[in-house]
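# Predicted model follows, preceded by the sequence.
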Amino acid sequence: VAIIRLSKSFLKEIPPFSEFPPGLTNIINGYYCHVSGGLAIDGSLEAPVVEEEVIRECQKIRELNLTAVVIAGVFSPIDEVFKQEDFVRRIVLQELPGVDVVCSHEVANIGFMERENAAILNASILKYARRTVGGFKSAMNRLNLKCGLFLTQNDGTLVDSAAAAKLPIRTFSSGATNSMRGAAYLSGIKGGSTSTLVIDIGGTTSDVGVLLPSGFPRQANAYVTVAGVSVNYSMPHLESIGLGGGSIVRATSSDVTVGPDSVGHYLTSESLVFSGKTMTATDISVGARKANIGDPSLVENLDKNIMNAAQARIKILLERAIDVMKTSPEPLPVLLVGGGSIIAPEKLEGASSLIRPPFHDVANAVGAAVGKVGGVVDIVQGTSSQTVVEATERAKKMATERAVASGAIESSVTIAEVEAMPLQYVTNQVRIIVKAVGELDLGFNHTFMDNANGEEVFEPEEAKRSAAKAFAGPSVNPMTYHPEVVVSKESGHPEWFISETDLNWLADGCYVLGKEAAYT
Amino acid sequence: MGAPAVSAERLASTEVVEATKALMEYLRHDSFDAVMALEIGGGNGLEPLLVGSSKFFDRPVLEYDFMARAYPTAWQITLCAYTEGELVPCALDSGDGNTIIMTRAANDEIVDRALRASCSEMGSRVGMALKPTTTDKVKRYGVSNSTSLAWRIGRCIARAHATNTVSRVAESIIEEVGGEKTAKILFRGKIVAVERRLFKGHSYGEITISGLPADEEENKGAMPAVATDGILKIPFKNENIVAEHIVGEKKETIAMVPDLIAVLDSGSGRALGVPEYKYGLRVTVICITCSPRWTDTAKGLEIGGPGAFGFDVKYKPIGVYVEPKSVVLEYAPQ
């Protein structure tokens, strides 16, 4: 991915990928540059875009053979007049026909770093998204299904396939949301007395989330990270680890590891119980007679030590993940769902009970099937002739109408989210974001941007190589850390040399003491 | 100085270094002995580390500030509670080539007002360097060990994350800053309403926090809060001004400036700044007693108390101030 940043004077102290895990940066960071541009907070120009500069950068991007370009301008979400990102996109498409271009303002809101991060992640999975949607469509054709194709988004609402292929980032954590909603539906949880943890174990990864007593997933608070990268849009609060039914088990003389890589959906050809050659977490469960899949006789003679060590390893991985999700040490009930949940042990430290709801292996599909239709409104309104409350009411009405227009049953529509933000200092402008959700009306006549090219060849993906999630944790132990204080030769006074750890702590502490976020 | 939303877009930059250079040029100084924060609260608390770093001036940073918190205007500092005319000459720089030096001022208050107006026209975020001060004034009018205070609070948060005790981070901060005689948990709950408006470069508004049903909290062994039922309203002007506890018709102001009222995100254990207030967030509100530098003089309370924000309530401290323990002295080689 190439990144073009628009700002004449700012951003340069903090380059893109500053908050990315190094492994991911190496894979994604193709090129980045700063060109003239950017806005001020009142929507006025910081500097205009200089076409020649962009063309020059396009030449470099062409030389590097990069096929995805992110355009991120300072204050682009409030750019109603100059449309700088769109202008740059036109130049880029002219210079580099056929590349994928992602404008940051279409992905997320105010908060440059997080918006840029989200746009980068979105750009890096566009091809994958198109292939996935194409694959769904050819599957539908083969099954002779004549109906619309919806994808579920991270928040549990549905979106049509064309929109999903352009903004895959909005859908790529939906699996967990679906599983949690499905688990809630299947277990009939409604207003239990405590929160419930949900572990969804798939073929490659496990996602741990929290169901509130209301039966809805806990939303992540102000800070959200995807694969270790901060982004700024609403997501369910989740911890994902590289552990699933297809996780590869490796035994060395001293150690047994499980995952994070997986045979993925090749479980039924590569795993031992299906006469394959790779030992997977599923084989361990079958060998330990905890599951009956494939041909159990093929794993009858697995080394007991390896089986025990692998099971212990799986238990520790899951316990760590649920511990991260809890906000206090008290044990909570745990729902186990997903096709891979056969690999889970009978007991987990930190869980008061382990429940497998009926049909738990299809909780994800059930959650998607009970998905709701949403309508989102994001508009800027004047507040000189109306109050903020009136403006909000108007936006709520529009959101409800949009939800209904997208196929929601009108009587079921509720407002799920309201946010009002003043936009400018001088002219009383307020930006209001409202989200309404309702049940999908099955009798509704949906219109779809159907892919005419339904015969597109769907190439099966290769075995997944799930990147290892960094479990390193803090590099220093905050319980024992000593700051570096030395007596100055110059003054004779002790002086404290601020380390990166000190700086991180100071930033968090200063923020408690007041005002704007400290960026380090 | 400026709007947090600008920092969220323009990211950290070197305006303060540029402003310092401009002021030194004007005063014909070629170096300085040390640099210190005007306010430790927020990003401004870290700026002196940038100015003093080996990348720029390579000078020591003092363990002092003039607030031990943050306030919306530059004259709301302990230095102004004891003295006058210590702000100018000062320099502003907006990082994109514009610099302003204010050479004279009839009073302290106009300095902030005039510069803030400039700031609005200069992109709403500027770096500022105020008149150099003396060791004597720092010792007499500054708040000591405020850098240590910030570091200790930050360490509480880091430790809570390391030990999976994020739900107890408020308690550990309170223990760290002097215990329940100095600081208290005011309220736990969920933000149910956020009202905002911007006026002359300040963010005004109010949040309403409603208590959660006991079954949604994981509350075993938690420190009791000052208020539990009803709702808590916190009006703000960049900073939280007062905490009003309301049950039915009964309203009581349970905390107020200059004591620090901080809203912590219960999920992350970190602070929520005014721009991040959002419906549905679970929060813990804490209050820490202010430094006596604010309460020693009538002028201190006048410029830093609730009256300075138009609230007609008499300042009642939440507890007794304890000086934060110095990190430098604690970890100095013996």
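Perfect, I can see it now. Residues are numbered from 1 along each chain as shown, chains lettered A, B, ... in the order given.
# So which residues of the stretch 51-200 of chain B form helices?
Secondary structure of the stretch 51-200 of chain B (DSSP state H, counting those that start in this stretch): helices at B:78-82, B:108-121, B:135-141, B:146-162, B:169-176.
# Tell me which of those sits nearest to A:L348.
Closest to A:L348 of the helices of the stretch 51-200 of chain B, according to CB to CB: helix B:146-162, at 21.4 Å. Any C-beta I mention is one placed from the backbone N, CA and C, and that applies to glycine too.
# Export the helices of the stretch 51-200 of chain B as a markdown table, with columns for mean pLDDT.
Listed next are the helices of the stretch 51-200 of chain B as a markdown table, based on pLDDT from 0 to 100:
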| stretch | mean pLDDT |
| --- | --- |
| helix B:78-82 | 96 |
| helix B:108-121 | 91 |
| helix B:135-141 | 97 |
| helix B:146-162 | 95 |
| helix B:169-176 | 95 |
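# quick one: which of those helices is nearest A:T280?
helix B:146-162 (33.1 Å).
# In a markdown table: the helices of the stretch 51-200 of chain B, plus mean neighbour count and distance to chain A.
Below are the helices of the stretch 51-200 of chain B laid out as a markdown table (neighbours: other CB atoms under 10 Å in any protein chain shown; distance: least, CB to the nearest CB, whole Å):
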| stretch | mean neighbour count | distance to chain A |
| --- | --- | --- |
| helix B:78-82 | 23 | 14 |
| helix B:108-121 | 18 | 6 |
| helix B:135-141 | 14 | 12 |
| helix B:146-162 | 25 | 3 |
| helix B:169-176 | 22 | 7 |
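# who wins for proximity to B:F309 among those helices?
helix B:108-121 (14.2 Å).
# Distance to A:Y32 added to the helices of the stretch 51-200 of chain B, as JSON lines?
Below are these laid out as JSON lines (distance: least, CB to CB, whole Å):
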{"stretch": "helix B:78-82", "distance to A:Y32": "43"}
{"stretch": "helix B:108-121", "distance to A:Y32": "30"}
{"stretch": "helix B:135-141", "distance to A:Y32": "43"}
{"stretch": "helix B:146-162", "distance to A:Y32": "31"}
{"stretch": "helix B:169-176", "distance to A:Y32": "36"}
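# ok, the closest residue to chain B within chain A - contacts?
Closest contact between chain A and chain B, by CB to the nearest CB, is at A:G514 (2.5 Å). For A:G514, the contact set (CB atoms under 8 Å, 6 or more residues apart in numbering or on different chains) comprises B:E39, B:I40, B:G41, B:G42, B:R69, B:A70, B:Y71, B:E239, B:L260, B:A262.
# mind running it again at 6 Å?
B:G41, B:G42, B:R69, B:A70, B:E239 (CB atoms under 6 Å, 6 or more residues apart in numbering or on different chains).
# just B:E175 next, same as before
Taking CB under 6 Å, 6+ apart as the definition, B:E175 has no contacts.
# Repeat that for A:G294.
A:G294 touches A:V273, A:F274, counting by CB under 6 Å, 6+ apart.
# Show the backbone phi and psi for it.
Here is the backbone geometry of A:G294 (degrees, to the nearest 10): phi 60, psi -140.
# Repeat that for B:E206.
phi -160, psi 140.
# can you pull out the strands in chain B?
Taking DSSP state E as the criterion, chain B carries its strands at B:64-65, B:90-93, B:99-102, B:127-129, B:143-144, B:183-199, B:202-210, B:231-237, B:239-240, B:242-247, B:250-256, B:260-265, B:282-288.
# Out of the helices of the stretch 51-200 of chain B, which gets nearest to B:L50?
Across the helices of the stretch 51-200 of chain B, closest to B:L50 is helix B:146-162 (CB to CB), at 13.8 Å.
# any idea of the angle the closest one forms with helix B:169-176?
Here helix B:146-162 runs at an angle of 140 degrees relative to helix B:169-176 (axes from the mean of the first three to the mean of the last three CA atoms, to 10 degrees).
# what helix or strand is the residue nearest to A:G175 when sequence neighbours are not counted on?
If the residues on either side of it in the chain are set aside, A:G175 comes closest to A:N364, at 6.0 Å by CB to CB, 6 or more residues apart in numbering or on different chains. A:N364 is located in helix A:363-369, with elements delineated by DSSP states H and E.
# which parts of that helix are buried?
Applying a neighbour-count criterion of 16 or more other CB atoms under 10 Å in any protein chain shown, one finds A:A363, A:N364, A:V366, A:G367, A:A368 buried in helix A:363-369.
# A:D378 belongs to a helix, doesn't it?
No: A:D378: not assigned to a helix; according to DSSP: H, G, I helix; E, B strand; the rest coil it is strand.
# looking at it, it is touching A:V434, isn't it?
No: contact criterion CB atoms under 6 Å: A:D378 and A:V434 do not qualify, at 8.1 Å.
# Name the residue in the two with the higher neighbour count.
A:V434 (25 against 14; other CB atoms under 10 Å in any protein chain shown).
# close enough to count as contact, that one and A:A399?
Yes: assessed by CB under 6 Å, A:V434 is found in contact with A:A399 at 4.1 Å.
# what about stretch A:325-338, average pLDDT?
Regarding stretch A:325-338, the rounded mean pLDDT is 80.
# related to what we said a few turns ago, between A:V434 and A:A399, what contacts are shared?
Joint contacts of A:V434 and A:A399 (CB under 6 Å, 6+ apart) are A:V377.
# Settle this for me: A:T282 is touching A:L243, isn't it.
No: using CB under 6 Å, A:T282 is not in contact with A:L243, being 11.8 Å away.
# For chain B, which residues score under the pLDDT cut-off?
Applying pLDDT under 70 to chain B picks out residues B:198-202, B:213-221, B:279-280.
# Taking the centroid of it, which residue is nearest it?
Geometric centre of chain B, nearest residue: B:A70, 2.2 Å, by CA atoms, centre = their mean.
# what sits against that one?
Contacts of B:A70 (CB under 6 Å, 6+ apart): A:G514, A:K515, B:E39, B:G41, B:G42, B:E239.
# Show the backbone phi and psi for it.
phi -130, psi 150.
# what ranges do the helices span in chain A?
Counting by DSSP state H, one finds helices in chain A at the ranges A:22-28, A:51-63, A:84-95, A:112-124, A:126-142, A:161-166, A:174-187, A:267-270, A:281-287, A:304-325, A:363-369, A:388-405, A:500-513.
# Great, nothing more from me.
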